[in-house]
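In: need a 3D model of the sequence below.
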Amino acid sequence: MALQQNERHFLAVVGDEDSVTGLLLAGIGHINSEQKKNFLVVDAKTPVAKIEEIFLEFTKRKDIAIILINQHVADVIRPLVDEYDQAFPTVLEIPSKDHPYDPEKDSVLKRVQRLFGE
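Out: Numbers count the residues shown, from 1 in each chain. Reported below is the predicted structural model:
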């Protein structure tokens, strides 16, 4: 049975250890029936291919409503993030402890600005 938009219950997170740990402590962690996690901790040793793979997996999952990704991690896979244009799951770029938020890089903010002709 296919999931409907109202059955998207989970957040997913791709980010540094501090961001992911904080969100897991807040209760967003989930492992589905296929043993797939809804989070990825990214560090200096994480291959770009792994980040791309998990981002694409999260965007295709029907149980995820929002994908939170640290902006500095999104920068590593910027072409994929900028190319993604679906409403669900929504991709939100968030700051991390060591990397402040830069609105000039945020793909969602860029789309909103284009929509309003800014």
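In: let me see the backbone angles for residue 62.
Out: Here is the backbone geometry of residue 62 (degrees, to the nearest 10): phi -90, psi 0.
In: typo on my end, residue 18
Out: phi -60, psi -40.
In: state the pLDDT value of the residue nearest to it when sequence neighbours are not counted.
Out: Sequence neighbours aside, residue 97 is the residue nearest to residue 18 in space, at 5.1 Å (criterion: C-beta to C-beta, 6 or more residues apart in numbering). Using the backbone N, CA and C atoms, a C-beta is placed for each residue, glycine as well. We have a pLDDT of 88 for residue 97.
In: and residue 69, what is it in contact with?
Out: If you count contacts by C-beta atoms under 8 Å, 6 or more residues apart in numbering, residue 69 has them with 13, 14, 15, 55, 81, 91, 92, 93, 94.
In: cutoff 10 Å now
Out: Residue 69 makes contact with 12-15, 19, 40, 42, 51, 54-55, 58, 75-77, 81, 91-94 under the criterion C-beta atoms under 10 Å, 6 or more residues apart in numbering.
In: got the buried residues for stretch 42-56?
Out: 42, 46, 51, 54, 55 (16 or more other C-beta atoms under 10 Å).
In: what about the helices in this protein?
Out: Counting by DSSP state H, the chain has helices at residues 17-25, 48-60, 71-76, 78-83, 107-115.
In: can you name the residues in contact with the longest one?
Out: By C-beta under 10 Å, 6+ apart, the surrounding residues in contact with helix 48-60 are 10-14, 36-40, 42, 46-47, 64, 66-69, 73-74, 76-77, 79-81, 84, 86, 88-89, 91.
In: drop anything exposed from these.
Out: 10-14, 38-40, 42, 46, 64, 66-69, 73-74, 76-77, 80-81, 84, 89, 91.
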